[in-house]
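K.L.:
here is a sequence with its predicted model. Questions after.
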Amino acid sequence: MRRLGVSMLCLWGMTAAWAITPVDLQGLKIQRLEQGVYVSANLQFDMPAVLEEAMYKGVSLYFVTEIDISRERWYFYEQRVAHAERHVRLSYMPLTRRWRVSVSPQPFGVSGLGVSLGQSYDTLDEALVSVRRIVQWRIANAGDVETDVRQSIEFSFRLDLNQLPRPLQMGAAGQSDWNIRLSKSQRLVLEPGP
């Protein structure tokens, strides 16, 4: 009986360690305009206290949003029509006591080269609004997405542990606070542009 209790406690601890911080996708809007296909959405999630504490100690957090648009085919696997990535770095600047959010279409490299858009905020809450909100993000060319065929969209969002410093990658792998992710698939419905 005692072994059963210990086994159940260990099993509960393993499932709790792999729990994921819930992320809710709200207001997903996909528009096809002359210039391309654009996505707008709001992501709702709570920032765990462990992550906030790590940022105050100088650790930057990296969030990745990926979108795949696939054409449904009855005779074979779905054909990927478009793929887009959005990388967001959230960091705290101790000297200025400000939060910085940088957005890039590619992973942030060690060399710092590449194109990214950055903005500073006074509070963490203001910075998180910028991380959670996606406004008119171009994900495909207008000609890539056809309107007369069935297509699906796969939306994924996650805290990218691979871009953390190496010691944190190993320590964060089993921690539930570090598992922020969402994956959602649905049929592609394009809304008319203005």
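P.N.:
On my side now, so go ahead. Residues are numbered from 1 along each chain as shown.

K.L.:
so residue 20 touches residue 183, yeah?
P.N.:
No - applying CB atoms under 8 Å, one finds residue 20 not in contact with residue 183, separated by 10.1 Å. Yep, even glycine has a C-beta here, placed from its N, CA and C like the rest.

K.L.:
low-confidence stretches in the protein?
P.N.:
The chain contains residues with pLDDT under 70 at 1-19, 110-115, 165-177, 192-194.

K.L.:
tell me which residue is most central in it.
P.N.:
A centroid search over the chain (CA atoms, centre = their mean) returns residue 157, at 2.6 Å, as the residue closest to the centre.

K.L.:
which other residues reach the helix or strand harbouring that one?
P.N.:
Per DSSP states H and E: residue 157 is located in strand 151-159. Strand 151-159 is contacted from outside by 23, 25, 28, 30, 41, 43, 51, 61-72, 78, 81, 145, 178-188, using CB atoms under 8 Å, 6 or more residues apart in numbering.

K.L.:
go with 7 Å
P.N.:
For strand 151-159, contacts defined as CB atoms under 7 Å, 6 or more residues apart in numbering pick out 23, 25, 28, 30, 43, 61, 63-72, 78, 81, 145, 178, 180-188.

K.L.:
between the biggest strand by length in the chain and strand 151-159, how many degrees?
P.N.:
If you go by DSSP state E, the chain has its longest strand at strand 79-93. Per axes from the mean of the first three to the mean of the last three CA atoms, to 10 degrees, the angle that strand 79-93 makes with strand 151-159 is 20 degrees.

K.L.:
how far off centre is strand 79-93?
P.N.:
7 Å (CA atoms, centre = their mean, to the nearest Å).

K.L.:
what packs against that strand?
P.N.:
helix 49-56, strand 61-71, strand 98-104, helix 124-132, strand 133-140 (3 or more CB pairs under 7 Å, 6 or more residues apart in numbering; DSSP states H and E).

K.L.:
strands paired with that strand, and their directions?
P.N.:
If you go by DSSP bridges, strand 79-93 pairs up with strand 61-71 (antiparallel), strand 98-104 (antiparallel).

K.L.:
just want the angle from the following helix or strand past the shortest one to strand 98-104.
P.N.:
Same thing as strand 98-104. Next helix or strand after strand 98-104 toward the C-terminus (DSSP H and E): strand 117-121. On the basis of the same axes, to 10 degrees, strand 117-121 is oriented at 160 degrees to strand 98-104.

K.L.:
what's in contact with strand 117-121?
P.N.:
98, 99, 100, 101, 102, 103, 127, 130.

K.L.:
how about a cut-off of 8 Å?
P.N.:
93, 96, 98, 99, 100, 101, 102, 103, 104, 127, 130.

K.L.:
show me what contacts residue 103?
P.N.:
86, 87, 88, 116, 117, 118.

K.L.:
distance of it relative to residue 72?
P.N.:
31 Å (CB to CB, to the nearest Å).

K.L.:
please save the CA atoms from the helix or strand containing residue 38 in CSV.
P.N.:
For residue 38, the host element (DSSP H and E) is strand 37-44. Extracted as CSV, the C-alpha positions of strand 37-44 are listed here (Å, rounded to 0.1, in the frame of the first residue of the first chain):
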residue,chain,number,x,y,z
VAL,A,37,-2.5,37.5,-46.6
TYR,A,38,-2.5,39.1,-43.2
VAL,A,39,-3.2,37.7,-39.7
SER,A,40,-4.3,39.5,-36.6
ALA,A,41,-4.8,37.8,-33.2
ASN,A,42,-4.6,38.2,-29.4
LEU,A,43,-2.8,35.6,-27.2
GLN,A,44,-3.8,35.5,-23.6
